[in-house]
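> Here is a sequence with its predicted model. Questions after.
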Amino acid sequence: MAYDYAPYPFIAPPGLTETEPRHPVAIIGAGPIGLALAIDLAQRGIKSVVLDDNNVVSVGSRAICWAKRTLEIFDRLGVGERMLEKGVTWKIGRQFHGSEEVYSFDLLPDDGHKYPAFINLQQYYVEEYLIQRAQEFHDLIDLRFKNKVTAHEDKGDHVRLTVDTPEGSYSLETDWYIACDGAGSATRERMGLSFEGQTFQEQFLIADIEMEDSPFGDHAVPERWFWFDPPFHPGKSALLHMQPDNIYRIDLQLDVDADAQTEATEEKVLPRIKAIVGDKPFRLDWMSVYKFRCIKLDQFVHGRVIFVGDSAHVVSPFGARGGNGGIQDVDNLGWKLAALLQGKADGKLIQSYHDERSHGSAENILNSSRATNFMTPKTPIEGLFRAETLRLAHNQPFAQKLLNSGRLSVPCSLEHSALQTPGIAPIAPGRAAVDAPLTGPDGDSWLIEHVQGRFTLVGFGDVALPEVEGVARIGINQRADYPCFTAKANHAIRRYGANMAYLFRPDGHVCAAFTRPDANDIQMAMQRAMAQTPQEVA
């Protein structure tokens with residue numbers, strides 16, 4: 001069943017007839033990144049206006065693989081459970097050379113997590129859920145469709161925008177302009193900013209097909225299948241994923257000199273699909289051709305203009321690092337921008353968004369570039385390495401682990417960030433929270449539900465938690481006058497260590513760990529996480 005791309009209504013903005021009050025935040029682009037940021041800010045009491053030149057969700061499945069860490073962020077934003085219910089859950093990846101399976105991997109062999117390693121869910125569903133969630137914040141999110149930003153000017157203490165609509169143009173002012181307008185960012189082009197990195201010549205065809213019979217054969221559980229040199233597409237690579245509604249994503253490597261316009265036609269695509277699925281009936285739902293790009297801006301923060309998601313960095317789709325990386329941008333920026341607007345921080349905290357997420361995007365680009373070079377060797381030496389790795393992978397375990405069809409998205413580590421308080425712990429400062437099941441007075445819950453959205457100090461086992469202003473407290477396997485929980489199956493204690501305390505940032509990253517926490521140490525760690533000079537507590 002084809003998705004119903006119902007348009008959202010255009011509502012004439014007040015700026016067409018009167019001068020609008022200055023907005024705290026203007027978000028350009030109502031894709032997953034822009035919508036997620038608006039919701040994040042709204043949950044912190046910050047108003048935003050979201051401007052999008054379109055009035056429908058994204059056409060085609062586009063981003064489909066949503067990683068565990070991203071789902072945990074979406075959980076905090078109020079759409080994670082809905083995505084999990086609709087999405088296709090998977091954790092097993094299989095790699096083939098020719099027709100023979102040479103390696104498989106399990107991305108989450110451990111149990112005791114609210115969210116799985118990955119779900120597959122078409123981007124249009126994600127946008128639909130986020131729009132509906134944003135509409136719940138009537139007084140905090142002003143979502144404007146068919147409002148195209150055609151010009152902007154940074155005035156130093158605010159940004160002035162010119163916006164075109166079907167009923168004319170208007171101007172508005174904003175304290176902060178957030179560019180979530182994608183890889184082809186008009187904001188970036190107007191500012192004359194260029195990406196740095198590598199664009200690969202190789203092209204891939206994406207085709208979404210609807211079919212009742214699974215192309216996975218006897219494998220009833222959805223998985224990620226990747227082929228090197230498959231019999232149905234000799235000399236090239238191919239990828240297969242299952243999506244909801246009996247939709248399957250197929251990626252096929254094309255010749256370097258292939259004409260994209262010609263390849264994205266039914267005349268070319270249908271025979272390729274039939275070579276994979278045989279005589280099974282199917283319907284072509286969507287297709288596109290793309291090139292690999294591993295590129296990013298040198299600086300994500302330009303005065304009052306901040307770039308987020310694909311407007312700041314682009315990676316090849318193998319590895320599911322694009323959309324997931326963009327949501328981690330949102331997770332990093334939202335609490336910092338809110339703190340600044342609430343007068344709790346200064347511009348150094350906003351600059352730390354660039355420092356941390358530029359590092360994260362560089363990490364993604366490195367992994368993505370390595371995968372691309374393995375799939376499409378550029379030199380004779382790279383070609384020889386790939387050929388020998390594939391040959392040995394049939395019976396040599398060490399070679400199987402060298403196969404690179406895209407190292408899949410993992411949480412970015414911020415261990416080297418200046419916002420962390422250095423220390424040694426099972427979950428080191430800078431790492432994202434690791435989930436665990438809990439039981440409390442009100443029933444079962446999950447650790448990630450308690451350690452996101454605010455500064456939170458969590459004690460695991462016999463460790464006293466002092467009271468510190470601005471810090472919530474939670475005890476695991478404790479009895480105290482603050483909320484306490486029991487670690488189900490002892491997962492939390494195994495993962496974090498007995499008699500340890502951890503201070504979590506609002507984005508769920510550990511910023512400090514303690515064996516004997518006192519109020520002074522906690523206060524200084526929180527100040528450091530806010531990009532402030534730590535001061536001794538009197």
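Looks like it arrived, so ask away.
> mind listing the strands for the stretch 201-350 of the chain?
In the stretch 201-350 of the chain, the segments counted as strands under DSSP state E, counting those that start in this stretch are 224-228, 237-243, 247-253, 283-296, 301-302, 305-307, 313-314.
> Deepest in the core, which of these is it.
Among those, judged by mean count of other Cβ atoms under 10 Å, the one packed with the most neighbours on average is strand 313-314 (a mean of 28). Yep, even glycine has a C-beta here, placed from its N, CA and C like the rest.
> which residues sit against that strand?
Strand 313-314 is contacted by residues 183, 195, 293-297, 322, 325, 361, 364-365 when judged by Cβ atoms under 8 Å, 6 or more residues apart in numbering.
> Adjacent strands (with direction) for that strand?
Applying DSSP bridges, strand 313-314 is found paired with strand 283-296 (antiparallel).
> Give me the angle between the strand it pairs with and strand 247-253.
Relative orientation of strand 283-296 versus strand 247-253 (axes from the mean of the first three to the mean of the last three Cα atoms, to 10 degrees): 50 degrees.
> Strand 283-296 - what's its average pLDDT?
Mean pLDDT, strand 283-296: 89.
> likewise stretch 478-496?
Per-region confidence: stretch 478-496 scores 96 on mean pLDDT.
> can I get the CA coordinates of it in PDB?
What follows is stretch 478-496 as a C-alpha-only set of coordinates in PDB (Å, rounded to 0.1, in the frame of the first residue of the first chain):
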ATOM      1  CA  GLN A 478      19.700   2.100  47.300                       C
ATOM      2  CA  ARG A 479      17.300   3.400  50.000                       C
ATOM      3  CA  ALA A 480      17.300   7.100  50.300                       C
ATOM      4  CA  ASP A 481      15.000  10.200  50.400                       C
ATOM      5  CA  TYR A 482      15.400  10.600  46.600                       C
ATOM      6  CA  PRO A 483      13.800   8.300  43.900                       C
ATOM      7  CA  CYS A 484      15.400   4.900  44.200                       C
ATOM      8  CA  PHE A 485      15.100   1.800  41.900                       C
ATOM      9  CA  THR A 486      16.200  -1.800  41.900                       C
ATOM     10  CA  ALA A 487      18.400  -3.000  39.000                       C
ATOM     11  CA  LYS A 488      16.500  -5.900  37.300                       C
ATOM     12  CA  ALA A 489      18.800  -8.900  36.600                       C
ATOM     13  CA  ASN A 490      21.600  -6.700  38.000                       C
ATOM     14  CA  HIS A 491      22.200  -5.200  34.500                       C
ATOM     15  CA  ALA A 492      22.700  -1.700  35.700                       C
ATOM     16  CA  ILE A 493      25.300  -2.600  38.300                       C
ATOM     17  CA  ARG A 494      27.200  -4.900  35.900                       C
ATOM     18  CA  ARG A 495      27.400  -2.100  33.300                       C
ATOM     19  CA  TYR A 496      28.200   0.900  35.600                       C
END
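> what comes up buried for it?
Under the neighbour-count criterion of 16 or more other Cβ atoms under 10 Å, stretch 478-496 has 478, 484-485, 487, 491-493, 495-496 buried.
> That one: how far from the chain's middle?
From the chain centre to the centre of stretch 478-496 is a distance of 29 Å (Cα atoms, centre = their mean, to the nearest Å).
> and the residue nearest the centre of the chain, what does it touch?
Nearest to the geometric centre of the chain sits residue 324, at 1.9 Å (Cα atoms, centre = their mean). Applying Cβ under 8 Å, 6+ apart to residue 324 gives the contacts 65-67, 69-70, 409.
> now do residue 21
By Cβ under 8 Å, 6+ apart, residue 21 lies in contact with nothing.
> Next: residue 386.
Contacts for residue 386 (Cβ under 8 Å, 6+ apart) come out as 374, 377.
> Could you check how far it is from residue 67?
26 Å (Cβ to Cβ, to the nearest Å).
> and if you look at residue 491?
In terms of Cβ to Cβ, residue 491 sits 20 Å off from residue 67.
> next one: residue 212
Applying Cβ to Cβ, the value for residue 212 to residue 67 is 28 Å.
> ok, those two, which is more surrounded?
Each of residue 212 and residue 67 has its neighbours counted (other Cβ atoms under 10 Å); residue 67 has more, 26 against 8.
> so the more buried one touches residue 410, yeah?
Yes: with contact defined as Cβ atoms under 8 Å, residue 67 counts as touching residue 410 (7.4 Å).
> picking that back up, turn the strands of the stretch 201-350 of the chain into TSV, including distance to residue 216.
Formatted as TSV, these follow (distance: least, Cβ to Cβ, whole Å):
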stretch	distance to residue 216
strand 224-228	7
strand 237-243	7
strand 247-253	9
strand 283-296	18
strand 301-302	45
strand 305-307	39
strand 313-314	30
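> Which stretch among the ones you listed approaches residue 17 most closely?
Evaluated over the strands of the stretch 201-350 of the chain, closeness to residue 17 peaks at strand 305-307, with 27.4 Å, by Cβ to Cβ.
> Which strands or helices does the closest one pack on?
strand 168-179, helix 186-190 (3 or more Cβ pairs under 8 Å, 6 or more residues apart in numbering; DSSP states H and E).
> Identify the bridge partners of residue 208.
Bridge pairing for residue 208 (DSSP bridges) gives the partners residue 249, residue 286.
> what are the ranges of the strands in the stretch 351-500 of the chain?
In the stretch 351-500 of the chain, the segments counted as strands under DSSP E, counting those that start in this stretch are 437-440, 443-446, 456-460, 472-476, 484-487, 500-504.
> relative orientation of the third one and strand 472-476 in degrees?
Angle of strand 456-460 versus strand 472-476, following the same axes, to 10 degrees, is 20 degrees.
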